[in-house]
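Asker: Fold the stuff below for me.
(chains A and B)
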Amino acid sequence: MADNLDAVAIRLREAAASLTGAQMRAVLTTVGVAAKKDVDDTLRAAIGGNSLRNWKRVKLSSGFEFTSDTEIELRPRPEGPWQVIERGAGPHVIRARKGRALRTPHGPRAKVRLKHGRGLKVWTTAVAAIDKATPKRTADELHKLLQGKLDG
Amino acid sequence: MADDLRMKLGIDTGQAVGDLHKAAGAADDLTSALDDNRSAAQKVADEINSATDTIVAQLKSDVDAADALAKAMGPELLSTADGGIQGLIAKLKDLGLTSDQIKADAQALGDAFKRSDEAVDELKRLDGELDQIDTDAKTATDSLERVGKADVTPASTSAHHLGDEMDHVKDRTGKAGEAVHSMSGNAVGDFAAATSGVGPLGEALGQMTETALGGEASLKQIATAGLGLGALSGGMLLVNGLLSTFAKEAAEAAKIKAFNVENAKVYSDAIEHNTNAIDDYIEKARTAGGVKIAPNIDEQTRAFAALGTALPNDKLTFFTKGIQDVGPLLIAAKSSAQEYYDAAVNGGDALDDFTTKVRNSNLSVDEQAKLLAAVFAQQDNVAKGAKTARDDTALYTKASDDLTASTAAYANAAIHADDVTADFKRSTDDIKRAQEQATTASENHRKALEDEKQATQNLIDQELSQIDKKYAARQADGDAADAVANLTTVLADHKSTMKDVANATDDAFNKVLDKTSADLNAKGVVADSRKGIEDQITSLQNEANALDPGSPLRSRLLEYINDLKNIPTQIATDLHLSVTGDNPSNFLGGKGAHAAGGTVGPREVSSLIDEEGPEILTLPGGTQVMTARATAAYLAAAQRADAGSTTINNFTIHTHAGLSARDLAAELRRRARRNGTSD
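Answerer: Residues are numbered from 1 along each chain as shown, chains lettered A, B, ... in the order given. As a prediction, this is how the structure comes out:
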């Protein structure tokens, strides 16, 4: 029995060691990738894709960076267009560049007056979804990690 | 400045890491406790084994000594020995001899016993002769007395004189007889002392040893093993000490936590303490056993007291105290400590013999009563000692049982823990499956919500589109108003040229048309439909009515209104195209035409065709012309269907004023692809 207890003690210490460093980074990477997908899904549900109808060149997504072994920071990319989608824009006029025309549903125009545009709160919605889903994801990953260590 | 869009996701594992380390430490402690507990039990077993080895060695040594002595004495003499060879060995060891010494000098001891036996026989023979002399003397005296009673004076006087002489002889003979009897009795009673030649010293040593052994454990067997059994007693003492510790710990043994380092230390301390006490006792016992002479009972008592203080257990001192009280009486009764001990321990015949000896002694009645009472008291002590031994044995047995039960309980607990762990794992798996099912259900629900959201979004898009259209209509309205105002300004400006007026008029005209189109679009009316045309006419008429009669814009609008009104509601056009397999090159666009394949340019194109003789076909710009390769494929297919025949496709297309040439061409292509005739 003492031998078994020794083995148990070793496994417990290995499990404790696995909750730090590179293995925790691996867990957080999985959680972060899932969070990115949440952002993409929320964006697709809000605007039908990953770019705006009149802003096709800009591909909207998100990314994360490690601030420590046990924490990541998720950011929208690029942040400028995300701010417009999130919070909208005030009334403004868009003028065509010299020698060019703006394409509008009514034909080419030199300028277009735009009224106030409301924000779609896509990032806020995505954060709420991530907040809801992340605890279970983290628990599942930690469960797999500890199960691997304790089962031997 | 807008707030940054950020989200931090972190996992705090500090508590979990700490708990896991704690659990590992607990496992280590439990392992150490089990190991230490095993070590303590092993030490007890070693101690018992050591005591057993000592006893076995001692007994073996005694057996060797007994064999040697028995050979030296011979069976005849040995049969007369009280207690047999074992009794002799015990008495010799009581005198301070070791088994090795007895074995080495067995022959000398045997010879001494033989001489002693012969001396006793001689003394007995002399005693018999003296008895006979005494009987003869008495007979002579009686005869003389009878003679003296006769009336013969001289004879009587002589007879009396003789009688006196005989009385004197008788007195002397009687004293001699008493002395012989006394010598004989003492010689037999003090057998050990006479044969060893050490006299009172041997008796003192024997008494001292007996006292020490008897007081130590009150067990008869100890009397036959000498100081060697001191080790056994010490071993028992050790076991008792450990058992006491075990008994104290047994109540907690059911708990696993009792098997910890602290308890193991208690066991070790108990072993060490008792071992030291035993060593001290043995040393003092040996020192006491080495006393060469005991001149009086006080010194003996002091020696006993020294032994007593070596033993912390009060059970071991009662005999010492008892011998202190009765020691002088034993000496006065001419009894040995061995007899006293045998009477107290063995009872029965030994007690009867001792009682008889005390009764026949010179002790007073009170002294005899006191001595016998002491023996009976010692019997009680022996009984108590035996009971203590039984109790200790029972306690040891119970402690062993408890320990076994505790171990079994711990094993059961471990097994139960395994079962619980297995149940927990199954429960965890069930929960995981339930979570997966819930996740699937949640995903389905999410998809349903997405569909609903998409439908809502489509509705919103439609609404937004409508809003955009209305916005565009308002913007076009503004642009039209600006253009009309600009035209008015140009007309009012005398500096304006005709070209300025024409440009302003064109601009205003276009803006008004755009406004009209935007209005229709916002209302969801198709501009080319009948209603759309009617709405345009109405709207433009209203615009024209608002202008001055001489306004060039008004004129343009009225012309446009007129054109709109002239559009027929339906135009039926029959277009017959003949494609001849023999002369496919005659089909459309000959060499040098502007539409040898692809789309006809902005200008109209005329080509020679041959439907009913040479005919000029003029097509508007934007008309699609099949390429030579596509045409060849088309004709080949036609030839396969009806080789050599002429295929005529009749297309009837309903057109109206708003139908552009581009739209007409597209419709023709569509019909041609279908290769059929439509309405």
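Asker: What helix or strand is the residue nearest in space to the middle of chain A located in?
Answerer: Nearest residue to the geometric centre of chain A (CA atoms, centre = their mean): residue A:36, 3.2 Å. Here residue A:36 sits within helix A:21-47, counting by DSSP states H and E.
Asker: What is that helix packed up against?
Answerer: Contact partners of helix A:21-47 among helices and strands, from 3 or more CB pairs under 8 Å, 6 or more residues apart in numbering or on different chains; DSSP states H and E: strand A:61-68, strand A:71-77, helix A:79-87, helix A:122-150, strand B:7-10, helix B:365-492. All C-beta atoms are positioned from the backbone trio N, CA, C, and that covers glycine.
Asker: please redo it, this time with the cut-off set to 10 Å
Answerer: If contacts are counted by 3 or more CB pairs under 10 Å, 6 or more residues apart in numbering or on different chains; DSSP states H and E, helix A:21-47 sits against helix A:2-18, strand A:61-68, strand A:71-77, helix A:79-87, helix A:122-150, strand B:7-10, helix B:365-492.
Asker: circling back to that earlier point, can you pull the contacts of the residue lying closest to the residue nearest to the centre of chain A once chain neighbours are set aside?
Answerer: Spatial nearest neighbour of residue A:36, chain neighbours left out: residue A:62 (5.2 Å); criterion: CB to CB, 6 or more residues apart in numbering or on different chains. Residues in contact with residue A:62 (CB atoms under 10 Å, 6 or more residues apart in numbering or on different chains) are A:32, A:35-40, A:42-43, A:74-77, A:79, A:82, A:123, A:126, B:5, B:7.
Asker: Buried only: go through the residues you listed for me.
Answerer: A:32, A:35-36, A:38-40, A:42-43, A:74-77, A:82, A:123, A:126, B:5, B:7 (16 or more other CB atoms under 10 Å in any protein chain shown).
Asker: Averaged pLDDT, stretch B:552-561. What do you get?
Answerer: The pLDDT scores in stretch B:552-561 average 89.
Asker: Quick check: buried residues in it?
Answerer: Neighbour counts over stretch B:552-561 (16+ other CB under 10 Å) mark B:552, B:553, B:554, B:556, B:557, B:560, B:561 as buried.
Asker: Might you list the low-confidence residue ranges for the stretch 551-679 of chain B?
Answerer: B:568-613, B:638-662, B:664, B:672-679 (pLDDT under 70).
Asker: let's go with 90 and repeat that
Answerer: For the stretch 551-679 of chain B, applying pLDDT under 90 flags the ranges B:551-553, B:555-556, B:559-560, B:562-679.
Asker: Pull up the residues of it that are close to chain A.
Answerer: Counting by CB under 10 Å from any CB of the partner chain, no position of the stretch 551-679 of chain B is adjacent to chain A.
Asker: on that earlier part again, what sits against the residue nearest to the centre of chain A?
Answerer: A:61, A:62, A:63, A:64, A:74, A:77, A:126, A:130.
Asker: Show me which pair in these is furthest apart.
Answerer: Largest separation among the contacts of residue A:36 by CB to CB: A:77 and A:130, giving 15.6 Å.
Asker: Figure out how far the helix holding residue A:36 is from the centre of its chain.
Answerer: 5 Å (CA atoms, centre = their mean, to the nearest Å).
Asker: any idea of the mean pLDDT for it?
Answerer: Here the average pLDDT along helix A:21-47 is 94.
Asker: Pull up the gap between residue B:503 and residue B:483, please.
Answerer: Residue B:503 sits 11 Å away from residue B:483, going by CB to CB, to the nearest Å.
Asker: out of these two, which sits in the busier spot?
Answerer: Neighbour count, other CB atoms under 10 Å in any protein chain shown: between residue B:503 and residue B:483, residue B:483 has more, with 22 against 15.
Asker: ok, and the closest non-adjacent residue to residue B:457?
Answerer: Residue B:457 sits nearest to residue A:48 (CB to CB, 6+ apart), 7.2 Å away.
Asker: State the number of residues packed around residue B:479.
Answerer: 20.
Asker: Can you name the residues that contact the nearest residue to it once chain neighbours are set aside?
Answerer: Using CB to CB, 6+ apart and skipping residues adjacent in sequence, the residue nearest residue B:479 is residue B:511, 4.9 Å away. Taking CB under 10 Å, 6+ apart, we find residue B:511 in contact with B:476, B:477, B:478, B:479, B:480, B:481, B:482, B:483, B:484, B:486, B:487, B:553.
Asker: swap the cut-off to 7 Å and go again
Answerer: Counting by CB atoms under 7 Å, 6 or more residues apart in numbering or on different chains, residue B:511 makes contact with B:479, B:480, B:483.
Asker: what packs against the least confident helix or strand in chain A by mean pLDDT?
Answerer: Across the helices and strands of chain A, the lowest-confidence element by mean pLDDT, DSSP states H and E is helix A:2-18, at a mean of 78. Under the contact definition 3 or more CB pairs under 7 Å, 6 or more residues apart in numbering or on different chains; DSSP states H and E, helix A:2-18 sits against helix A:122-150, helix B:14-80.
Asker: neighbours around residue B:348, how many?
Answerer: 9.
Asker: just to revisit the earlier point, ok, how many other residues are close to the residue nearest to residue B:457?
Answerer: Residue neighbour count, defined by other CB under 10 Å, stands at 14 for residue A:48.
Asker: Which positions in the least confident helix or strand of chain A come out as buried?
Answerer: A:5, A:8, A:9, A:11, A:12, A:13, A:14, A:15, A:16, A:18.
Asker: Can you say which helix or strand has the residue nearest to residue B:479 in it?
Answerer: Taking DSSP H and E as the definition, one finds residue B:511 inside helix B:498-523.
Asker: quick revisit: which among the helices and strands packed on helix A:21-47 is found nearest to residue B:351?
Answerer: Comparison of the helices and strands packed on helix A:21-47 against residue B:351 by CB to CB identifies helix B:365-492 as nearest, at 7.0 Å.
Asker: And the contacts of residue A:36, which is closest to chain B?
Answerer: The closest of the contacts of residue A:36 to chain B turns out to be residue A:74 (CB to the nearest CB; 4.3 Å).
Asker: Quick check: bridge partners of the closest one?
Answerer: residue A:64, residue B:7 (DSSP bridges).
Asker: my guess is it contacts residue A:65, does it?
Answerer: No - the criterion here is CB atoms under 7 Å, and residue A:74 misses it with residue A:65 at 8.7 Å.
Asker: ok, residue B:544 - contacts?
Answerer: B:554, B:557, B:558, B:561.
Asker: excluding its backbone neighbours, what's nearest it?
Answerer: Residue B:544's closest residue in space is residue B:557 (CB to CB, 6+ apart), at 4.2 Å.
Asker: Secondary structure of the one you found: a strand, I assume?
Answerer: No - Residue B:557: not assigned to a strand; according to DSSP: H, G, I helix; E, B strand; the rest coil it is helix.
Asker: how about it, what does it touch?
Answerer: B:512, B:540, B:543, B:544.
Asker: Now with 6 Å, please.
Answerer: By CB atoms under 6 Å, 6 or more residues apart in numbering or on different chains, residue B:557 lies in contact with B:540, B:543, B:544.
Asker: now it: how far from chain A?
Answerer: Distance, residue B:557 to chain A, by CB to the nearest CB, to the nearest Å: 20 Å.
Asker: measure that residue to residue B:505 for me?
Answerer: According to CB to CB, residue B:557 stands 10 Å off from residue B:505.
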